[in-house]
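>>> sharing a model prediction with you, sequence too.
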Amino acid sequence: MRAFGAAIALSLAAGPMAAQESGGTGFGLAGVLSASNKEDLPPITLSSGTPLAEEGWTLKSGTYYEFEIEGDGSQELALVGPEFFRAVWVDEIVVNGLEIRPLGLDSVEFDEAGVMEIGFVAIKPGRYYMKIPGSTGESQRIDITIE
């Protein structure tokens, strides 16, 4: 137990610059959740007859991303992407200022107009998608690549 306490004391004494000086990531105390490792993605639009996004996303594994889903309430619409959501770590979902920290996610649904923000860390490289369930059109789907 004393060795553990000594290790913590040494790490605290070293300060936040120790990782940078020793060839670490330089992310700071928050690690991959540091502001220097965060990118905002273009929003996804949930609206009857409107494309979800202008283009697909290419993400880098280990990077923190945030995006908004904007539903206009024109129709009850969902967005599914179970393979994608299992390839990322979802940090939080924010709806009307309420933060949700899920263990996992399969889909989201908008019954009325609103905005939802999702923050996540890309983990598993591969090709994924999110789409409106039951749709077959390419504009009702967003392709996502994690490198």
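Yep, it's here.
>>> state the distance from residue 117 to residue 132.
If you measure residue 117 against residue 132 using CB to CB, to the nearest Å, the figure is 19 Å. Every residue, glycine included, has its C-beta placed from N, CA and C.
>>> hmm, I typed the wrong one, I wanted residue 100.
As for residue 100, its distance to residue 132 is 21 Å (criterion: CB to CB).
>>> which of the two has more neighbours?
Between residue 100 and residue 132, counted using other CB atoms under 10 Å, residue 132 has the larger neighbour count: 18 against 12.
>>> distance check, the more buried one against residue 141.
Plainly put, residue 132 is 8 Å away from residue 141 if you go by CB to CB.
>>> which neighbours do those two share?
Common neighbours of residue 132 and residue 141, using CB atoms under 8 Å, 6 or more residues apart in numbering, are residue 52.
>>> output the contacting helices and strands for the strand or helix carrying residue 91.
Using DSSP states H and E, residue 91 maps to strand 88-95. If contacts are counted by 3 or more CB pairs under 8 Å, 6 or more residues apart in numbering; DSSP states H and E, strand 88-95 sits against strand 98-100, strand 114-122.
>>> quick one: low-confidence residue ranges for this structure.
Within the chain, the stretches with pLDDT under 70 are 1-32, 34.
>>> all helices for this structure, in order.
Counting by DSSP state H, residue ranges of the helices within the chain are 2-14, 18-21, 82-86.
>>> quick one: contacts for residue 104?
For residue 104, the residues meeting the contact criterion (CB under 8 Å, 6+ apart) are 85-86, 90.
>>> phi, psi for it please.
Backbone torsions for residue 104, taken as degrees, to the nearest 10, come to phi -160, psi 170.
>>> what do you get for residue 106?
For residue 106, the backbone dihedrals (degrees, to the nearest 10) come out as phi -120, psi -40.
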